[in-house]
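In: Quick one, structure for this:
(chains A and B)
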Amino acid sequence: MLNRGLLLSDFNISNFASILNNIFSLKVKIAPFGSVHSWLIENASTDYKNNLDFIFIWTRPEGVINSFNEKLKGSDISSKSIINDVDKYCSILLSQNVGQIILPIWILPPYYGHGIKDLYDGGVINFLMKMNQRLINNLSDDDRFIFCDPQNWISKLGEKAFNEKSWYLAKIPYSIDLFKMAAEDIVAKLNIITGNVKKLIVLDLDDTLWGGIVGDVGWESLILGGHDPIGEAFSDFQTELKILKEKGFVLAIVSKNEEKIALNAINKHPEMKLKLKDFVTWRINWDDKAANIIDIVDELNIGLQSVVFIDDNPLERARVKESLREVQVIDLPKDKMLYKKTLLEVRSFDKLELSEEDKKKTELFHSEKRRKELKTKVGSLDDWLKSINIKVVCSKLIDHDIKRVVQLFNKTNQMNLSTRRITESELLEWIAIENRKLWTYRVSDKFGDSGLVGIASIDILGNECHIIDFILSCRVFGRKIENIMVLKIVEYCRSKNINKLLADYKKTKKNKPCYDFLTNSGFKQDKNIFSFNTEIKFEIPKFIEIINK
Amino acid sequence: MKKKIENIIYQSIDELNNFLLDNDQKLEKSLKLIIFGSDSMLDSLSTINFIVILEEKINITFNDDQFSLLDLINKGNISTGFDLVMALENYFDN
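Out: Now for the predicted structure:
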């Protein structure tokens, strides 16, 4: 990273320096403000290559181009004399002996440019456009110069980009928010210059590339494309990802799904902009996403710092953020219509230079070593789950929850033992019979409350307890909530001196996750019937707080 | 009102500490803090930054874009955070 810089400006740039140093850990110094020309001329012969990585020269057009200043004061100035002044300024810039020179192009506060003739030849804005064009033309052949456009920062802040009060009090024309935005931009540019660029974009599927849970609704009912605003938003998001792929980024999938179902959706959905061939690899399973990313990084032989992770689920994002700190995690907004905007605002997707063959060769030699290092980085999923304070509240069915319970019965496909569909009245009728019990499960953790996400129901027949329904929303898969649900049933059986717990698994196209859970959690299997002796200890994770109500 | 003003002052101190002040300059988040005058903990630039930040927050919170903190400071005998809370309370009560 290039981090030793000098800030040169015709205004007070102290706040910008503080933000770069305090927030972005750069080591920048400030040249006395208001002395841009003289400083550049005096130091033109000085070789800064050993103690400065870059000079950042942020000027107001009227601060360094004297004829333009006269123009703003109302003088009649020709275009020729302004261009002449720009050329002189550029020649001073070209004489500097430093690695990189970063220049924001010139702007004016928004109270300029409202005049009828401002855009015409001889108008203030017309001059400004010509000056910027000349500046870029004069310097762009020299690789040391990097330009940035403050309009990008200003457009996000509007009038709040400028601060008249701090100008009059301290000669600071811009707000702190504008300086923050500028600092982010500069750091992103410095990263790109040093080759610290992203290469791999790891994508989730459900509610990220398309709307809906494919395992629940099937590919035919996904929200994608068509005459639907959300569908169009997902489609646009995919298009932008495809453009990034064309620019040289590599796409991969990490999704909690049944692989066959998810790949089928990618292949069959007519509105998919991204085709399977657009993804270099995928990990579609129920494993920890952080571990899956490690696996992909290892396969592709790239560094974690080259990875961007995009997922709609805040919990998955938090897991990756905390366990793989080098990975850049994009915080997708809840509103799907903002996905494209969020993607396009990511600064690390700036132009990618792929001229690093030597580095790749080195990486190949060190692949095995790095793989071992990476494996130790991810940390255990249990440790992480322990840190997020998961609480499960188990309750009997109450009136307030009936609608939600019916909804879960009728919408959940994956973690569903029998995929029994039921109406509200049928549910009430069913539960009214003695020996039948139904519990609901609410899940929360430090990231928020997932609400009522699980149902388990049983029927006691003689000395046997039959699990009738075992339903869990896929939103909370992988947090071992399933084990807590079984524990509740086991404890109930023990209280009634019932040893035999049975679950009749009714296979559907979508409920393999339920089968996988039963086969891996201590149940004995006889064809479709799973049994558990309740006298045996049922293993549950210790990191979940259970509250019985 | 008082609580609201105190919160705005604390938020302004936070913003100064988080973005603009070096580690050895960080301010105590307290109303005892001497903000203005010769005994102030803040250098001149930090004082100006504090005024600008606080004024913007007051403009938004009280929906009053005519309010000038600088005018208030110039009129009254304000030194500490406590003085500032009292002066702002009086201003908005009137």
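
In: ok, now which ones touch whichever residue of the stretch 401-549 of chain A sits closest to chain B?
Out: Per Cβ to the nearest Cβ, A:Lys446 is where the stretch 401-549 of chain A lies closest to chain B, at 22.4 Å. (Glycine included, C-beta is placed from N, CA and C.) Residues in contact with A:Lys446 (Cβ atoms under 8 Å, 6 or more residues apart in numbering or on different chains) are A:388-389.

In: Let me know the pLDDT of the residue lying farthest from the centre of chain A.
Out: For chain A, the largest distance from the centre (Cα atoms, centre = their mean) belongs to A:Gly462, which lies 53.0 Å off. A:Gly462 carries a pLDDT value of 91.

In: cool, and the one 3 residues further on?
Out: Per-residue confidence for A:Cys465 comes out at a pLDDT of 96.

In: all helices of chain B, in order?
Out: Residue ranges of the helices in chain B, as given by DSSP state H, are B:2-15, B:44-61, B:69-75, B:81-93.

In: which one of the ones you listed lies closest to A:Asn69?
Out: Closest approach to A:Asn69 among the helices of chain B (Cβ to Cβ): helix B:44-61, 24.8 Å.

In: Who are the packing partners of the closest one?
Out: Using 3 or more Cβ pairs under 8 Å, 6 or more residues apart in numbering or on different chains; DSSP states H and E, the elements in contact with helix B:44-61 are helix A:14-22, helix A:164-170, helix A:176-193, helix B:2-15, helix B:69-75.

In: buried stuff in the longest one?
Out: Of the residues in helix A:176-193, those scored as buried under the neighbour-count criterion (16 or more other Cβ atoms under 10 Å in any protein chain shown) are A:176-183, A:185-193.

In: could you pick out which of those are near chain B?
Out: Residues of the buried residues of helix A:176-193 in contact with chain B (Cβ under 8 Å from any Cβ of the partner chain): A:176, A:180.

In: State the number of residues packed around the nearest residue in space to A:Arg442 that is not next to it in sequence.
Out: Excluding its sequence neighbours, the residue lying closest to A:Arg442 (Cβ to Cβ, 6 or more residues apart in numbering or on different chains) is A:Val393, at 4.3 Å. The local packing of A:Val393 (other Cβ atoms under 10 Å in any protein chain shown) involves 16 other residues.

In: To which secondary structure element type does A:Val393 belong?
Out: strand (DSSP: H, G, I helix; E, B strand; the rest coil).

In: Surely it touches A:Lys549?
Out: Yes: if you go by Cβ atoms under 8 Å, A:Val393 and A:Lys549 touch, sitting 6.1 Å apart.

In: A:Ile390 versus A:Trp384, what's the distance?
Out: In this view, A:Trp384 and A:Ile390 are 11 Å apart by Cβ to Cβ, to the nearest Å.

In: Tell me which of these two has more neighbours.
Out: Taking neighbours as other Cβ under 10 Å, A:Trp384 and A:Ile390 compare with A:Ile390 leading, 23 against 17.

In: and the more buried one, what is it in contact with?
Out: A:Ile390 makes contact with A:443-445, A:479, A:481, A:543-545, according to Cβ under 8 Å, 6+ apart.

In: Could you do A:Ile460 as well?
Out: Contacts for A:Ile460 (Cβ under 8 Å, 6+ apart) come out as A:435-437, A:466, A:496, A:498.

In: and of those residues, the nearest to A:Ser450?
Out: Nearest member of the contacts of A:Ile460 to A:Ser450, counting by Cβ to Cβ, is A:Lys437, at 22.8 Å.

In: what number of residues lie near the closest one?
Out: As a burial measure, A:Lys437 scores 18 neighbours (other Cβ under 10 Å).

In: buried ones in whatever helix or strand it lives in?
Out: According to DSSP states H and E, A:Lys437 maps onto strand A:436-445. Neighbour-count burial for strand A:436-445, counted by 16+ other Cβ under 10 Å, picks out A:437-445.

In: what does stretch A:58-66 give?
Out: For stretch A:58-66, the neighbour count (16+ other Cβ under 10 Å) marks A:58-66 as buried.

In: can you tell me which of those are in strands?
Out: Counted as lying in strands by DSSP state E, out of the buried residues of stretch A:58-66, are A:Trp58.

In: which pair in the buried residues of stretch A:58-66 spans the largest distance?
Out: Farthest pair in those (Cβ to Cβ) is A:Trp58 and A:Asn66. Separation: 17.9 Å.

In: send the alpha carbons of whichever strand or helix holds A:Ile154 over as CSV?
Out: Using DSSP H and E, A:Ile154 sits in helix A:150-157. Presented in CSV, the C-alpha positions along helix A:150-157 are these (Å, rounded to 0.1, in the frame of the first residue of the first chain):
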residue,chain,number,x,y,z
PRO,A,150,-15.2,15.3,-6.9
GLN,A,151,-18.6,15.4,-8.6
ASN,A,152,-19.0,11.8,-7.6
TRP,A,153,-18.6,12.7,-4.0
ILE,A,154,-20.8,15.9,-4.3
SER,A,155,-23.6,14.1,-6.1
LYS,A,156,-24.2,11.9,-3.0
LEU,A,157,-24.1,14.8,-0.5
